[in-house]
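1. here you go, sequence then predicted model.
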Amino acid sequence: MALAACLMALLACNGGNKKALLPNVSGKAGEVLVAIEREQWEGNLGVAIREALASDTPYLAQREPLFALSNVPPGSFSNMFKMHRNLLLVNINPQNASNGVSYKNNVWAQPQAVVQVNAADQEQALELFQEAAPVIAEFFEQSERDRNIANAKLYEERALRDPVLKVTGGIMHFPSGYRCRKFTDDFVWIADEKQYVQQYVMAYRYPAGRQDVFTQENIIGQRNRVMQANVPGMFEGSYMTTSTAQEPTLRSLRYHGRDFMETRGFWEVHGDFMGGPFVSHSFYSKDGKDIIVLEAFVFAPRYDKRQYLRQVESLLYSFEWEDESK
């Protein structure tokens, strides 16, 4: 909770009216440019940066880093590099007026995320970075999500608001290309299905009932029940379920004043050989009587999946209660 609350406060800072005057960012989605001296990049500090930002993305079939990192020496950090979407600036100088980690948006371009580490020496820089590493990684992650959400709102399929509203009491923002595959009183399935890449979002609800609603046993048990009833496979008797090959993980988060339980794991099709990663958000309905679940998953057997999952996961973060969306 503390990490998420800290991050949301950081993301609230922005360039105000300055944003309208800034050029668009450069670089590909999921890239972070690190401005750091070569000696530091190849030493312990560089190792710590790569461990925090380029470790394997969890719950993907293939190994894919959280972010694609590249580095440039501060002396070569020209205007061209300042336009990059995600920047990590390492400033080691005993003459620094103050030392610490700062987080900014839209410094030289927009929508841009900039983290700066100021330290008197390499030892202090390493200590500062390691302490802040989870917040730094989440800052860049949420910045990527925010760009996806902004794009979804710009090219929104507004007709998809209504089925989500009827199931959840809130809306989500889906970009063009998504369509409704299935809609009932307590379940909606929305998909963007291309030839080799399918991205999906499902929203469903069930009675809150007992007190331990956010345990792994209950969340996965309810998920499997809903998937079996609503998501059939290609063959008779086949259906989506949760893979037991790797145990799902849960963590409690808070975003825009809403508490939810995030679940990550693998889905598979019982009776078939299909599968992939999923992430879900579980939280109470406005009246507290139901549990609302928003879930994102992908099927892209020919391709790396990190970016596809990040795109569709971002849509979960676009959720707004009806009275907040007006």
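-> Okay, I see it.

2. every contact and neighbour count from this point should use C-alpha atoms.
-> Will do.

3. in the longest strand belonging to the chain, what counts as buried?
-> Counting residues, the longest strand found in the chain (DSSP state E) is strand 258-270. Buried residues in strand 258-270, defined by neighbour count with 16 or more other C-alpha atoms under 10 Å: F260, M261, E262, T263, R264, G265, F266, W267, E268, V269, H270.

4. any chance of the residues you listed in TSV with distance to N218 and pLDDT as columns?
-> Shown next, in TSV, are these (distance: C-alpha to C-alpha, whole Å; pLDDT from 0 to 100):
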residue	distance to N218	pLDDT
F260	15	97
M261	12	97
E262	13	97
T263	12	97
R264	14	96
G265	15	94
F266	17	94
W267	16	93
E268	19	91
V269	20	90
H270	20	86
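
5. just send those back as CSV, with distance to G169 too.
-> As requested, the buried residues of strand 258-270 are exported to CSV (distance: C-alpha to C-alpha, whole Å):
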residue, distance to G169
F260, 15
M261, 18
E262, 19
T263, 21
R264, 24
G265, 26
F266, 27
W267, 26
E268, 29
V269, 29
H270, 31
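
6. on that earlier part again, and the angle for the helix or strand just after the longest strand of the chain with strand 258-270?
-> Towards the C-terminus, the helix or strand next in line after strand 258-270, according to DSSP states H and E, is strand 275-284. Here the directions of strand 275-284 and strand 258-270 differ by 150 degrees (axes from the mean of the first three to the mean of the last three C-alpha atoms, to 10 degrees).

7. who's in contact with strand 275-284?
-> Residues outside strand 275-284 that contact it (C-alpha atoms under 8 Å, 6 or more residues apart in numbering) are 59-61, 208, 214, 219, 259-269, 290-300, 309, 313, 316.

8. pLDDT wise, what is the residue nearest to P23 when sequence neighbours are not counted at?
-> Nearest non-adjacent residue to P23, counting by C-alpha to C-alpha, 6 or more residues apart in numbering: A109, 5.0 Å away. Per-residue pLDDT puts A109 at 96.

9. any idea how far A109 is from A35?
-> 16 Å (C-alpha to C-alpha, to the nearest Å).

10. can you check T184 too?
-> Distance from T184 to A35, by C-alpha to C-alpha: 51 Å.

11. tell me which of these two has more neighbours.
-> A35 (23 against 12; other C-alpha atoms under 10 Å).

12. how about the contacts made by the more buried one?
-> Taking C-alpha under 8 Å, 6+ apart, we find A35 in contact with N71, V72, P73, P74, F77, L87, L88, L89, V90.
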